[in-house]
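**Student:** Test case, fold it:
(6 chains)
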Protein chains: 4
Amino acid sequence: MPLADGETPEGPRPAPGPASGTTRAPDSGRPPGSGPCDGPRRGRPRSEGVERAVFDAVVELLESGVPLGDVSIERIARTAGVGKATIYRRWSGKEDLLVELVRSIEPPDPELPGTSVRDDLVMLLEFMRRRGLAKRTSALLRNMFAQMQAHPRLWDQYHRTVIEPRRRRGIEVLERGVATGEVRADLDLELVNDLFTGPLLLRTVLMPDADLSPDFPARVADTILAGVRPRP
Amino acid sequence: MPLADGETPEGPRPAPGPASGTTRAPDSGRPPGSGPCDGPRRGRPRSEGVERAVFDAVVELLESGVPLGDVSIERIARTAGVGKATIYRRWSGKEDLLVELVRSIEPPDPELPGTSVRDDLVMLLEFMRRRGLAKRTSALLRNMFAQMQAHPRLWDQYHRTVIEPRRRRGIEVLERGVATGEVRADLDLELVNDLFTGPLLLRTVLMPDADLSPDFPARVADTILAGVRPRP
Amino acid sequence: MPLADGETPEGPRPAPGPASGTTRAPDSGRPPGSGPCDGPRRGRPRSEGVERAVFDAVVELLESGVPLGDVSIERIARTAGVGKATIYRRWSGKEDLLVELVRSIEPPDPELPGTSVRDDLVMLLEFMRRRGLAKRTSALLRNMFAQMQAHPRLWDQYHRTVIEPRRRRGIEVLERGVATGEVRADLDLELVNDLFTGPLLLRTVLMPDADLSPDFPARVADTILAGVRPRP
Amino acid sequence: MPLADGETPEGPRPAPGPASGTTRAPDSGRPPGSGPCDGPRRGRPRSEGVERAVFDAVVELLESGVPLGDVSIERIARTAGVGKATIYRRWSGKEDLLVELVRSIEPPDPELPGTSVRDDLVMLLEFMRRRGLAKRTSALLRNMFAQMQAHPRLWDQYHRTVIEPRRRRGIEVLERGVATGEVRADLDLELVNDLFTGPLLLRTVLMPDADLSPDFPARVADTILAGVRPRP
DNA sequence: TAATAATCGAGACGGTACGTCGCGTCTTCTG
DNA sequence: CAGAAGACGCGACGTACCGTCTCGATTATTA
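**Tutor:** All right, here's what the predicted structure looks like:
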């Protein structure tokens, strides 16, 4: 989501759709009590096209201006040309579906230059900035973000798998900075990390039209590193 | 949301929305609380008790653990002992109602000590922290925030009346700091203001369980004022 | 209603609107417990224009094709430019209003020639036929008739004041016929009266588009008087 | 209503309505009870139990004294334990539902003795008399009748499928009577048929409490056959 | 002349029903 | 057996009227 750092969608991402293959673990739809799962499944196998069709339908709806609250399962099924039961067989509901959609869109983490703490932080912030600006995903993600606030279970899951790892990366960068002497050793690094990422979240979430010019990451990083009080 | 202010809307923001005015169409009646209009209103005046009953019902439902998505107009009306039409006569829908509810709950702005920039900033942050923690308003506000993201008109209104004034106050504090020499004169104060408020927003919105201990405002302020890089 | 014999609406009826004056007895609106009713009423007297405006509004609505089921009190009040409470002050509800409207439209009974039973019966039937055909009142009355079936109290009242008196007249004609030898003395005259009026009701109510040519009354009367079986 | 037949619709009636066909728009599904259409219907078939449950609920409500005006779709659904949408899926509204209900209750036509015109006519009238008296159907049908008056489309349909066939039978009996010499050959048989059925309609519809004793059909038939004027 | 009292238009009020839509489950037929 | 189709019970949606009530304004009679 907007605050998590990511990659520009116009950048190296090969395919904007769902990733190849059906790499899904939490298949809650299989009727419990069936036999061992390693054997070759009997009956008609699940169509590979369904996930793609469903995700495409959701993205198409959201991009065409439909508010996320109006994106009902019924409508997704109609748009995708898919039966409702087929959707419920794979996901437990709209929220579950959306989480997976978001995860599938999430770009891979950026490579850091490692030249200095300052450069690494700017790079992380720049990725977040590009994520927040990305044309198509921006509104979508903001909507999702809003939606998920109301669904704690899914929010937790997203937090665990997306937000927290990136937070870790920022802290690791700072820890390296402490080791090299670039960062004061007497600071709570979790708090410092929030100092860097908070402003970007604020402008992305609360002020979608605000200034997010390319030099924003550098200005934030430099100001925090140097401090606001005049130096003697 | 309430605990963060942002950027000035007259600043670099190109267009604050389709129409900056108060385009509140569905509420054709007088907004309750305003003075007497010119013409003497005809017909039975609206009961003063309805707003109270409705707001109380919503708060009661949310406090009793009902998720905001399940707080339907129907249920509000039932709980408040009020007709649905009476609700729709005053508000255009659930979101509109919630915006007004939040506004009615909004506490008055804090008095600033004025002893120093640092003290004033800590006070502002402390005020925001308490707002985010307040028992009843916390979950409510977080949900509200989510809801409003999808409704630009309401969001604009809330931004104008709640967020923007507070943002102004922060910037004024910083300007005074520049005048007294407590703050570097070469900084973009809007950005600096976001540095202070961003972290609090981040922890409140993204990490509801995170550390929001009483010393958080002071730690944020001191770290940003002093800077992260070691001083020579 | 359509089966009750009456007068042609294009005939001697002087004014199609409500009769002059406010000759209303069943005024249920007066608050019980007030003083003696002969004394001059205090307060503002009821406007004479209200009954007229309300009746006109109802007729206007029905004539403009609005089904009677859609003629709500609300709509009547709106159309008449009258307050709802003003209507309820005079009538207990829609049914009550409609009964009075119908009564006010009901034309006076016809004069009978008295030359013979056959001529009198034809005259009665002819009045019924014209009533059923009357351009504006026809659909209106059919609607009312339908409506009243579902409201026993009002139906009873209408029956007592409109239907039954006319039924009496038919029987009186037949009794005179028995006295003059024009009618068999061994017959149940109530049943005979129904033989004459039934066919007209049938064609008016069940078959609005059916044959109601001017000679219908004569054909009915002559056939029943002569009998269907061939005379020896 | 059911106890009266009327005139042939192909006769002098100029236009039976806007469209003589079966313009039943809202019921897009197969009318239950018809044979298999060409294409094998897809999706879950409509439950057979729903019609029964709904009809039973309506009859139960009416029998327990609920006025038909208070029999709302909402209440029917509640009583039948059925969703509102399920009702609207089959019928376009209350009237449509009631028409089908009445049709389903309609008893089969009587066998005629064929011994004489007089006996056949008495039998037809007796059948109608019993229909009008039947415990459960009586009030229901009277109300139905009232409802349908205001809905031409439904009335047409009922007329076509219920009233008209019965009317035909009566005229056939009379035609046979002309052939056997039991009936005068110079009469308009449609009118004669109305002479017989009209009185029964009159007493059933206009005078629910009137005399409908078992000998009523015979008295009507005999009086009309013999004529009211004394025979020389 | 002023007070009193009932009327007027207007419209808010707590309800009930409307007809539609989406929910998540189910039941059919086709591949 | 998967999948499209769609019926099912349920419940919320936003609207329309119901009949009652409360307003300010109007219009008579009574003091």
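**Student:** For whichever strand or helix holds residue A:157, buried residues please.
**Tutor:** Per DSSP states H and E, residue A:157 falls inside helix A:152-158. Using 16 or more other Cβ atoms under 10 Å in any protein chain shown as the test for burial, helix A:152-158 gives A:154, A:155, A:157, A:158. From N, CA and C alone the C-beta is placed, and that goes for glycine too.
**Student:** roughly how far apart are the second one and residue A:87?
**Tutor:** The gap separating residue A:155 from residue A:87 is 21 Å, by Cβ to Cβ, to the nearest Å.
**Student:** Show me what the helix holding residue A:157 packs onto, helices and strands only.
**Tutor:** helix A:94-105, helix A:135-149 (3 or more Cβ pairs under 8 Å, 6 or more residues apart in numbering or on different chains; DSSP states H and E).
**Student:** Just give me the lowest mean pLDDT stretch among those helices.
**Tutor:** Ranked by mean pLDDT, the helices and strands packed on helix A:152-158 bottom out at helix A:135-149, with a mean of 63.
**Student:** tell me the contacts of residue A:73?
**Tutor:** A:84, A:87, A:88, A:93, A:94, A:97 (Cβ atoms under 8 Å, 6 or more residues apart in numbering or on different chains).
**Student:** Domains in chain A, by residue range?
**Tutor:** A:49-105, A:117-226 (automatic domain parsing).
**Student:** which of the ones you listed sits most buried?
**Tutor:** Neighbour counts (mean count of other Cβ atoms under 10 Å in any protein chain shown) averaged over each of these peak at domain A:117-226, with a mean of 19.
**Student:** so does that one get close to DNA strand F?
**Tutor:** No - using Cβ under 7 Å from any atom of the strand, domain A:117-226 stays clear of DNA strand F, with a minimum separation of 14.5 Å.
**Student:** Figure out how far that domain is from the centre of its chain.
**Tutor:** 12 Å (Cα atoms, centre = their mean, to the nearest Å).
**Student:** That domain near DNA strand E anywhere?
**Tutor:** No - if you take Cβ under 7 Å from any atom of the strand as the test, domain A:117-226 misses DNA strand E, and the best it gets is 10.9 Å.
**Student:** Quick one: end-to-end length of that domain, please.
**Tutor:** End-to-end span of domain A:117-226 (Cα to Cα, to the nearest Å): 13 Å.
**Student:** same thing with stretch A:69-83?
**Tutor:** End-to-end for stretch A:69-83, by Cα to Cα: 20 Å.
**Student:** That one and DNA strand E in contact?
**Tutor:** Yes - judged by Cβ under 7 Å from any atom of the strand, stretch A:69-83 comes into contact with DNA strand E at A:70, A:72, A:73, A:74, A:75.
**Student:** The closest residue to DNA strand E within chain A: what's it in contact with?
**Tutor:** DNA strand E sits closest to residue A:72 of chain A, with a gap of 2.8 Å, by Cβ to the nearest atom of the strand. Shown in contact with residue A:72 (Cβ under 8 Å, 6+ apart): residue A:94.
**Student:** Out of the residues of stretch A:69-83 next to DNA strand E, which is nearest to chain D?
**Tutor:** Ranked by distance to chain D (Cβ to the nearest Cβ), these are led by residue A:74 at 12.8 Å.
**Student:** what separates the nearest residue to the closest one once chain neighbours are set aside from residue D:127, distance-wise?
**Tutor:** Spatially, and ignoring its direct neighbours in sequence, residue A:74 is nearest to residue A:84 (6.6 Å; Cβ to Cβ, 6 or more residues apart in numbering or on different chains). Applying Cβ to Cβ, the value for residue A:84 to residue D:127 is 51 Å.
**Student:** and what of residue A:197?
**Tutor:** 87 Å.
**Student:** What's the mean pLDDT across the host helix or strand of residue A:86?
**Tutor:** Using DSSP H and E, residue A:86 maps to helix A:84-90. Averaging pLDDT along helix A:84-90 gives 92.
**Student:** can you dump the C-alpha coordinates of that helix into PDB?
**Tutor:** These are the backbone C-alpha positions of helix A:84-90, laid out as PDB (Å, rounded to 0.1, in the frame of the first residue of the first chain):
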ATOM      1  CA  LYS A  84     -20.400 -16.600  -8.200                       C
ATOM      2  CA  ALA A  85     -19.800 -20.100  -6.700                       C
ATOM      3  CA  THR A  86     -16.500 -20.300  -8.600                       C
ATOM      4  CA  ILE A  87     -15.300 -17.200  -6.900                       C
ATOM      5  CA  TYR A  88     -16.400 -18.400  -3.500                       C
ATOM      6  CA  ARG A  89     -14.700 -21.700  -4.100                       C
ATOM      7  CA  ARG A  90     -11.400 -19.900  -4.200                       C
END
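**Student:** can that helix be found next to DNA strand F?
**Tutor:** Yes - judged by Cβ under 7 Å from any atom of the strand, helix A:84-90 and DNA strand F are in contact via A:84, A:85, A:86, A:89.
**Student:** Which of those residues sits closest to residue C:163?
**Tutor:** Comparing the residues of helix A:84-90 next to DNA strand F against residue C:163 with Cβ to Cβ places residue A:84 closest, at 58.3 Å.
**Student:** The closest one against residue A:75, yeah?
**Tutor:** No - using Cβ atoms under 8 Å, residue A:84 makes no contact with residue A:75, being 10.3 Å away.
**Student:** quick one: contacts for the closest residue to residue A:220 other than its chain neighbours?
**Tutor:** Spatial nearest neighbour of residue A:220, excluding adjacent residues (Cβ to Cβ, 6+ apart): residue A:199 at 5.4 Å. Going by Cβ under 8 Å, 6+ apart, residue A:199 touches A:220, B:191, B:194, B:195, B:198.
**Student:** Apply 6 Å and report the result again.
**Tutor:** A:220, B:194, B:195, B:198 (Cβ atoms under 6 Å, 6 or more residues apart in numbering or on different chains).
**Student:** Any stretches of chain A with poor pLDDT?
**Tutor:** Applying pLDDT under 70 to chain A flags the ranges A:1-47, A:134-153, A:208, A:211.
**Student:** And the residue of it closest to chain D?
**Tutor:** residue A:83 (9.6 Å).
**Student:** and that residue, backbone torsions?
**Tutor:** Main-chain dihedrals, residue A:83, degrees, to the nearest 10: phi -80, psi 150.
**Student:** how near is it to residue C:107?
**Tutor:** In terms of Cβ to Cβ, residue A:83 sits 66 Å off from residue C:107.
**Student:** what does residue A:232 give?
**Tutor:** Counting by Cβ to Cβ - residue A:232 and residue C:107 are separated by 109 Å.
**Student:** again with residue A:55
**Tutor:** 74 Å.
**Student:** try residue A:112
**Tutor:** Distance from residue A:112 to residue C:107, by Cβ to Cβ: 99 Å.
**Student:** So which residues of chain A form helices?
**Tutor:** A:49-63, A:73-80, A:84-90, A:94-105, A:117-133, A:135-149, A:152-158, A:164-180, A:189-201, A:216-226 (DSSP state H).
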